[in-house]
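>>> after the sequence you'll find the predicted model.
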Amino acid sequence: MTNTLFIDGRWVPAASGETREIRNPADGELVGVVAEAGAEDTEAAIAAARAAFDGGAWRAVPAPERGDFLLKVADRLRERKAEFARAESLDTGKRLVESEIDMDDIAACFAYFGKLAGLEAGRLVDAGDADVVSRIVYEPIGVCGLITPWNYPLLQAAWKIAPALAAGNAFVLKPSELTPHTAILMMQVLDELGLPAGVANLVLGAGATAGAPLSSHPDVDMVSFTGGLETGKVIAAAAAGTVKKVALELGGKNPNVIFADADFDAAVDNALNGAFVHSGQVCSAGARIIVQDTIAERFVDELVRRAQGIRLGGPFDEAAETGPLISAAHRDKVTAYVEQAVAEGARVRCGGAWGEGELAKGYYYLPTVLDNVRRGMSAVRDEAFGPVVTVETFSDEDEAVATANDTHYGLAGAVWTQDAGRAQRVAGRLRHGTVWINDFHPYLPQAEWGGFGQSGVGRELGPTGLAEYQEAKHVYHNTRPQVTGWFEDRK
Ligand code: NAD
């Protein structure tokens, strides 16, 4: 079925009739055929969202009731978890258990924003005048363009959809063209639960065609994008033409700082998780290990030994610990990245090659550890978005912090030490949006997520994640109007 665009409450094909095949990156098998939208489809979706927003059907619903709706979405997602998780694994190639965790997190995200929706209607401001009532009210922004990547397809979309709906907006979602299926399922749920037509719209297709109108169109009030840095720059520049609000969740080159007094086994184990979960296709991957020189050799030897033992396989292979890269093109990028690192002097301690045998059917790349790297090298500076970790060393706290902060990104980082004072000092000095102490990767729907530096603009999740989808309006009410006499009445 190719009626997979959801526009104005109806399932429709692309106006051009074009379609796209979706294939499982683990084995190349056909997963489905979906509509390939062009700009005209996206413009139709924007028009539907504009009409729905201006018509007021959703924003007029009291905020606590909008919250109740989100709680129902969370329930429905929990009921249909197996089906959603399977669809996510088929599109992305990630382990089924990882997709199941994603679905739990997505339900939790809807539940969080469902509960938050009706809590705060605004605030009173003391105007310093007993005859004045001054209040701030929070209103929806309007039509939101939501553009999302392929690594956590529905999770990244949920971080946008849930607060956008909680705040009373209408939206057009454009997921990655590689991973459309869970977005289709999500629209089914919103539709079944009775969201008014036009409030939620889905267009599927390539970024430059189906996605581009969301950042340039005058009827879109905000564009919220998660994806790569270069695409983020294109979107921000296009959005400037109509001065729309821009939220960007971009990449990261995230430091994992390990002091000599850290719990060694836990630090090695979490360094593996940080770098190789989902084959490193994680914006917050701990791709830069920065380890104290006194333990560096032992640490890297152990990391390499463990990395060599990681079992790769498809999403439904229960023995597999991580899966393939998303596409042949992406694997070529990771391959070129490692080649460039080697040309600049890096040493491949393990990996640096494609999967062989059974794995040759998919886009597998072996867990890779690079040492003999220096700050400034491309492997240390640029995001690989694959299973590649570099190792740098430091001698003292100042050098550790300086090294970890030497990046144009600033999404996340970790510090490992059993010295609580040092842990807090270093956490305070790291210029990254999330800092883990003696852990890697956990995040909470109630805690803001986002980047310093070129990792982005704005925050998702937490109370700020809702505020991103709201305008603050100041209502100033003079309850006893009087002639001011500022201008003399010369009649
Ligand atoms: P990408 O930038 O190639 O694509 C992301 C989305 O943007 C896709 O839907 C794509 O179709 C769309 N797009 C591309 N060009 C566009 C244009 N001109 N106009 C509008 N839309 C356009 O990123 P990707 O390869 O899908 O994802 C990987 C990147 O995402 C990595 O860099 C990763 O770090 C980042 N990411 C960041 C976070 C975060 O929370 N900060 C989370 C996940 C992924």
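Right, received. Where do you want to start?
>>> contacts for the helix or strand containing Y337?
Using DSSP states H and E, the element containing Y337 is helix 328-343. Helix 328-343 has contacts (C-beta atoms under 8 Å, 6 or more residues apart in numbering) with 325, 348, 352, 354, 363-365, 368, 370, 373, 377-379, 382, 384-388, 390. Yep, even glycine has a C-beta here, placed from its N, CA and C like the rest.
>>> could you rerun that using 7 Å?
Helix 328-343 has contacts (C-beta atoms under 7 Å, 6 or more residues apart in numbering) with 325, 348, 352, 354, 363, 365, 368, 370, 377-379, 384, 386, 388.
>>> give me phi/psi at whichever residue of the stretch 201-350 of the chain sits closest to the ligand?
When scored by C-beta to the nearest ligand atom, the stretch 201-350 of the chain has G207 as its residue closest to the ligand, at 2.1 Å. In terms of degrees, to the nearest 10, the main-chain angles of G207 are phi -60, psi -50.
>>> for it, the count of nearby residues, please.
Neighbours of G207 under the rule other C-beta atoms under 10 Å: 20.
>>> distance check, it against V137.
G207 sits 35 Å away from V137, taking C-beta to C-beta, to the nearest Å as the criterion.
>>> picking up where we left off before, gap between the helix holding Y337 and the chain center?
Taking C-alpha atoms, centre = their mean, to the nearest Å, one finds the center of helix 328-343 at 23 Å from the center of the full chain.
>>> what of stretch 190-198?
Its chain's C-alpha centre lies 24 Å from the corresponding centre of stretch 190-198 when counted by C-alpha atoms, centre = their mean.
>>> now it - C-alpha only, PDB.
In PDB, the C-alpha atoms belonging to stretch 190-198 read as follows (Å, rounded to 0.1, in the frame of the first residue of the first chain):
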ATOM      1  CA  LEU A 190      -3.400   9.600  16.700                       C
ATOM      2  CA  ASP A 191      -6.200   9.200  14.100                       C
ATOM      3  CA  GLU A 192      -7.900   6.300  15.900                       C
ATOM      4  CA  LEU A 193      -7.800   8.200  19.200                       C
ATOM      5  CA  GLY A 194      -9.700  11.100  17.500                       C
ATOM      6  CA  LEU A 195      -7.200  13.900  16.900                       C
ATOM      7  CA  PRO A 196      -9.000  16.400  14.700                       C
ATOM      8  CA  ALA A 197      -8.100  16.200  11.000                       C
ATOM      9  CA  GLY A 198      -5.200  18.400   9.900                       C
END
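>>> contacts for the one helix or strand A236 maps to?
According to DSSP H and E, A236 maps onto helix 229-240. For helix 229-240, contacts defined as C-beta under 7 Å, 6+ apart pick out 207, 212, 215-216, 223, 225, 246, 248, 250-251, 454.
>>> within the sheet, what are the partner strands of the helix or strand following that helix, with directions?
The first helix or strand that comes after helix 229-240 along the chain, using DSSP H and E, is strand 245-249. Using DSSP bridges, strand 245-249 pairs in its sheet with strand 222-226 (parallel), strand 456-457 (antiparallel).
>>> can you say which of those is nearest to A423?
strand 456-457 (25.3 Å; C-beta to C-beta).
>>> longest helix in this protein, please.
helix 96-117 (DSSP state H).
>>> who in the stretch 201-350 of the chain is up against the ligand?
Applying C-beta under 6 Å from any ligand atom, we find that the stretch 201-350 of the chain lies next to the ligand at 206-208, 211-212, 215, 226-228, 231, 234-235, 249-252, 283.
>>> try 8 Å
205-208, 210-212, 214-215, 225-232, 234-235, 238, 249-252, 281-284, 326, 330 (C-beta under 8 Å from any ligand atom).
>>> which of those residues are buried?
By neighbour count, with 16 or more other C-beta atoms under 10 Å, those hold 205, 207, 210-212, 214-215, 225-229, 231-232, 234-235, 238, 249-252, 281-284, 326, 330 as buried.
>>> and the residue most central in space within the chain, what pLDDT?
Central residue of the chain (C-alpha atoms, centre = their mean): Q156, 4.4 Å from the mean position. Q156 carries a pLDDT value of 98.
>>> just E139 next, same as before
Model confidence at E139 (pLDDT) stands at 97.
>>> specify the beta-bridge partners of it.
Applying DSSP bridges, one finds that E139 bridges with E471.
>>> tell me the contacts of it?
470-471, 473.
>>> and G17, how many neighbours?
G17 has 9 neighbours, counted by other C-beta under 10 Å.
>>> quick one: it and the ligand, what's the gap?
20 Å (C-beta to the nearest ligand atom, to the nearest Å).
>>> quick revisit: which phi and psi does the residue nearest to the centre of the chain have?
Dihedral angles for Q156 - degrees, to the nearest 10 - are phi -60, psi -40.
>>> by proximity to the ligand, which residue of the stretch 51-200 of the chain wins?
Counting by C-beta to the nearest ligand atom, the stretch 51-200 of the chain gets nearest the ligand through P149, at 3.2 Å.
>>> these two touch, right, that residue and A157?
No. Taking contacts as C-beta atoms under 7 Å, P149 lies outside contact range of A157: 9.6 Å.
>>> any idea how far I101 is from F84?
Relative to F84, and taking C-beta to C-beta, I101 is found at 12 Å.
>>> neighbour count winner among these two?
F84 (25 against 14).
>>> and for the more buried one, nearest residue in space, chain neighbours not counted?
Using C-beta to C-beta, 6 or more residues apart in numbering and skipping the chain neighbours, the partner closest in space to F84 is M103 (5.1 Å).
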